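Chemist: Model the following, please.
(one chain, ligands or ions: 1)
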Amino acid sequence: MQGATMKIRLLLTVLLAAGLAACQTNPVSGRTQLVLVSEEQAQASSAQAYAQTVNEAQQKGKLSTDAALNARVKRITDRLIAQAGNMYAPSRNWKWSVAVIDEPTLNAWCMPGGKMAIYTGIISKLALTDDEIAQIMGHEISHALLGHGRERMSRAMAMQGGVTLGSIIVGRDLSILAPVADVALTLPNSRDSESEADRYGIELAARAGYDPHAAVRLWEKMSAASGNGPPQFLSTHPAPDNRIQALNALVPKMMPLYEKAR
Ligand SMILES: [Zn+2]
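Modeler: The predicted model follows:
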């Protein structure tokens, strides 16, 4: 443990010296984040990791061919994307994409740069409504808009230590970052990140015309499902007990946005 801590400290020291690491104020949340990966790097490596994920799914016959389901997910995410630009203007230039992966896992994600996936398992096992799908994807998109993917990639990079460090400093070999993007997806989000994504996700969905009450129902369903062993989604999304109460408290504030967008 101590060795790992020292390694991370050394890594940070070297990165700081190289001018590559900095505390940055996130333009959306105003929160200070330690970021070791530039937005450009995060997006390029995510695009690569996404292409690999979609390719592999396709080769295994696990990319959903259900045209109606694909159209349903696309319709929902398109409405969320249309609102995302108002929250974080640079996202208007993102090359958004969503994959529906035919696996029983309860999972969904949005990488930096707008590369998204939702798994058929979470839709069918939780019997998700459009409003609830919008809440999940709104939450995931918010993680990307708020730069949380970069925070997680920075942590993954620190974990992988020297190999990645060398290639970052020496050049722009982004292929080395693709595994980092993968590892980042398996790391849990911090509690701060989760609260932020909940807060911005419910607003994004409301502005896109999706019922804020669905955010509460979604997490109730999720916590009921975790009775049979924690779903993969929860392993990367710690669910504090007060999450549902916090979302409940946000509902009345979001209702006017929802009513206006309907
Ligand atoms: Zn989350």
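Chemist: Contact residues of the stretch 101-250 of the chain facing the ion?
Modeler: For the stretch 101-250 of the chain, the contact set with the ion under Cβ under 5 Å from the ion comprises Asn189, Ala197, His237. C-beta coordinates here come from the backbone N, C-alpha and C atoms, glycine included.
Chemist: give the contact list for the last one.
Modeler: Same thing as His237. Residues in contact with His237 (Cβ atoms under 8 Å, 6 or more residues apart in numbering) are Pro188, Asn189, Glu194.
Chemist: The residues you listed, buried ones only, as a PyMOL selection?
Modeler: Selection of buried members from the contacts of His237 for PyMOL, criterion 16 or more other Cβ atoms under 10 Å:
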select buried, resi 189+194
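Chemist: Go through the contacts of His237 and flag which are in strands.
Modeler: Within the contacts of His237, no residue falls in strands by DSSP state E.
Chemist: Straight-line length of stretch 206-218, end to end?
Modeler: End-to-end span of stretch 206-218 (Cα to Cα, to the nearest Å): 15 Å.
Chemist: just to revisit the earlier point, in TSV, list the contacts of His237 along with pLDDT.
Modeler: Output for the contacts of His237, formatted as TSV (pLDDT from 0 to 100):
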residue	pLDDT
Pro188	77
Asn189	78
Glu194	89
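Chemist: Between the contacts of His237, which sits nearest Ala215?
Modeler: Taking Cβ to Cβ as the measure, Ala215 lies nearest Glu194 of the contacts of His237, at 12.7 Å.
Chemist: All the strands of the stretch 151-262 of the chain, residue numbers only.
Modeler: Ranges of strands within the stretch 151-262 of the chain: none, based on DSSP state E, counting those that start in this stretch.
Chemist: measure the residue of it found nearest the ion to Arg207 for me?
Modeler: In the stretch 151-262 of the chain, the residue that lies nearest the ion is His237 (4.1 Å; Cβ to the ion). Using Cβ to Cβ, to the nearest Å, one obtains 22 Å as the distance from His237 to Arg207.
Chemist: Same question for Gly61.
Modeler: 37 Å.
Chemist: Looking at these two, which has the bigger crowd around it?
Modeler: Taking neighbours as other Cβ atoms under 10 Å, Gly61 and Arg207 compare with Arg207 leading, 21 against 8.
Chemist: contacting residues for that one?
Modeler: Contact partners of Arg207, counting by Cβ under 8 Å, 6+ apart, are Gln83, Asn86, Leu257, Ala261.
Chemist: how about TSV for the residues you listed, with pLDDT added?
Modeler: Formatted as TSV, those follow (pLDDT from 0 to 100):
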residue	pLDDT
Gln83	97
Asn86	93
Leu257	97
Ala261	96
